[in-house]
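# Provided below for reference: sequence and predicted model.
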Amino acid sequence: MNREGGETVEPGGRGAIRADLPSILAQLDDHVSTEQRAAVRRIRTAIEDREQAAAYVPTVPKLRALLEQPEADFHDEVAACLATLAAEAPTDVAPSSGTLVAVARERADQPIARELLRALAAVAAERPDVVAEHADGIVDVLERRHGYDRSGLEALAHVSDHAPTAVEPAGSMLIDALSANPTENGGPTLRALGRLARSEATVPSLEFVGDAAALVTHDDPSLRHSAIGCLGDVAHRDPAVVASVATEFEAALSAADPDTRALAAATIGRIAAGVETAIDPVHWQVFELLADDHPHVRARACIALGHGGVDAATPRLRDLARTDPSPTVRDRAAWAVRRLS
């Protein structure tokens, strides 16, 4: 049975709708804008149910072509479709990245930019190499918008995982976004700033270390881990800067979450590798982690104690090197004993 608009209801499976793609594609190609708009609305209505989105992926090239037509007055709806389809099939939307950025730059202060940045963030999660080519354009859009768009920050964070130096032009903006709202913007900005600091790129300032340190005990595990990881990355560049906030790790080293304890121990170890005395304020907390139930926590505590030159830990480390059930812990403990010797 056909529904109005040319879509067909398949039997079974919660009444799933199969797109009549030939009809929709032809409508998108129509030279009458009202027909094109109608096709876009059909797509948008259907993909509001994400289970149906995959069926409409073949419309992406034609949606991009509509976005490139300046005379079309329904770009907002096209952008919303592309953002949803990018979440479903980012590789298929990736070739449209240049157009998405170009239109976002032209209309940075308009609502459409939010949808375009949402599409770019989805593409960057899967194809950061493609979006990296347009990082400077994304920075331009974010700097011209009111406030900081989370999707744009996420796009840059994904790019930084692939090519840290590509987000170098975003350095100051990322620092400002983190300072403006650490909780809302912290996740993507901390990831990007950490990768940037660990690379050979120029970082305009390391003042964001204080904002990151304030988040190492945040209730949100993801944000907490991003903050600790960022500080570990910064320690590769300038361990002395991070050593100044080492006392902030005390609670993280005793956190209920084992991954938080492990990350905190790893970062203390990274700092101590450059500034041995950095471990002093928290060395007893790190020492207690040698008895942790989780081997990845014990292993990182061994490294931190070795880098920190904590001689008092030597007997316990020798014992772990001989008897710990985890080969990784035995190896790390033996390394720490040799370093302390």
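Happy to help now that I have it.
# Contacts for stretch 262-277 next, please.
The list of residues contacting stretch 262-277 from outside it, by CB atoms under 8 Å, 6 or more residues apart in numbering, reads 216, 225, 228-229, 231-232, 235-236, 239-240, 242-243, 246, 249, 252-253, 255, 278-279, 282, 286, 289, 294, 296-297, 300-301, 303-304, 306-309. The C-beta positions use only the backbone N, C-alpha and C, and glycine is treated the same way.
# cutoff 6 Å now
With CB atoms under 6 Å, 6 or more residues apart in numbering as the test, stretch 262-277 has contacts from 225, 228, 231-232, 235, 239-240, 242-243, 249, 252-253, 278-279, 286, 289, 296-297, 300-301, 303-304, 307-309.
# Give me the ChimeraX select line for the residues you listed, limited to the buried ones.
For the buried members of the contacts of stretch 262-277, the matching ChimeraX selection, counting by 16 or more other CB atoms under 10 Å, is:
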select :225,228,231,232,235,239,242,243,249,252,253,278,279,286,289,296,297,300,301,303,304,307,308,309
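# Could you report the neighbour count for Leu317?
Other residues near Leu317 number 27, with proximity taken as other CB atoms under 10 Å.
# these two touch, right, it and Arg339?
No. With contacts defined as CB atoms under 6 Å, Leu317 does not count as touching Arg339, sitting 9.6 Å away.
# Over to the residue lying closest to Asp220 once chain neighbours are set aside. Which of the three states is it?
Distance criterion CB to CB, 6 or more residues apart in numbering; nearest residue to Asp220, sequence neighbours excluded, is Thr183 at 7.8 Å. For Thr183, the secondary-structure state derived from DSSP: H, G, I helix; E, B strand; the rest coil is helix.
# how close does Thr183 sit to Ser222?
Here the criterion is CB to CB, to the nearest Å. By it, Thr183 lies 11 Å from Ser222.
# and if you look at Ala86?
Relative to Ser222, Ala86 is positioned 22 Å away (criterion: CB to CB).
# Same drill for these two, tell me which one is more crowded.
When Ala86 is set against Ser222 and neighbours are counted by other CB under 10 Å, the residue ahead is Ala86, at 30 against 10.
# Out of the contacts of stretch 262-277, which sit inside helices?
In helices, defined here by DSSP state H, the members of the contacts of stretch 262-277 are 225, 228, 231-232, 235, 239-240, 242-243, 252-253, 286, 296-297, 300-301, 303-304, 307.
# which intervals of the protein have sub-threshold pLDDT?
1-19 (pLDDT under 70).
# residues of the helix or strand Pro61 falls within that come out buried?
Assigned by DSSP states H and E, Pro61 falls within helix 60-67. Along helix 60-67, the positions that meet the burial threshold by neighbour count (16+ other CB under 10 Å) are Val60, Lys62, Leu63, Arg64, Ala65, Leu66, Leu67.
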